[in-house]
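# Provided below are the primary sequence and the corresponding predicted coordinates.
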Amino acid sequence: MAPDEAPTSVRVDSWLWSVRLTKTRSMAAAACRAGHVRVNGDRAKPAQTVRDGDEIRLRHAGRERIVIVSRLVRKRVGAAIAAECLIDKSPPPPTPETAPMVLVRDRGTGRPTKRDRRELDRLRELGRPDEP
């Protein structure tokens, strides 16, 4: 392939890394193997190819990213160019008010007391959706 030719297809793990959706290519491949990457609705293996117009869904860092491939790249590119290579259809990240509450205990405080357990159970009940 000549240096000025654009590729017609690229591996999905390589593309995810190139457009900075994952930190490393091995993290992208691991996400594919774990079933966290879908291309056009189907689970993707790391070597699956993507083309212009494909929809990629990636579950990463506690949220789902939905992107449409608008340009193929094989090498990692800068953030400005990476933004041109995809169309982001992801829902906005959860706000701190809608994010689940997590009880943080001080390090070294030992096992929870009975009172602490009751508070934990109360927090878990608040975060649980209503059951029919």
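It's in.

# Would you mark the buried spots in stretch 79-98?
Within stretch 79-98, the residues that qualify as buried are 82, 85-86, counting by 16 or more other C-beta atoms under 10 Å. Every residue, glycine included, has its C-beta placed from N, CA and C.

# pLDDT (mean, whole number) over that stretch?
Here stretch 79-98 scores 86 as its mean pLDDT.

# The nearest residue to Arg33 once chain neighbours are set aside - how many residues pack around it?
Spatially, and ignoring its direct neighbours in sequence, Arg33 is nearest to Pro46 (6.6 Å; C-beta to C-beta, 6 or more residues apart in numbering). Look at Pro46: counted by other C-beta atoms under 10 Å, it has 18 neighbours.

# Relative to Leu120, how far out is Pro46?
According to C-beta to C-beta, to the nearest Å, Pro46 and Leu120 sit 39 Å apart.

# What of Ala31?
31 Å.

# Please identify which of these two sits among more neighbours.
Set side by side, Ala31 and Leu120 show more neighbours around Ala31, with 21 against 13, by other C-beta under 10 Å.

# Surely Ala6 touches Arg74?
No. Shown here, Ala6 and Arg74 do not form a contact pair, counting by C-beta atoms under 8 Å, at 9.8 Å.

# what about those two, which has more around it?
Arg74 (14 against 11).

# Specify the local secondary structure of that one.
coil (DSSP: H, G, I helix; E, B strand; the rest coil).

# who are the neighbours in contact with it?
With contact taken as C-beta atoms under 8 Å, 6 or more residues apart in numbering, Arg74 is in contact with 7, 10, 14-15, 18.

# Give me the phi and psi angles of it.
phi -100, psi -30 (degrees, to the nearest 10).
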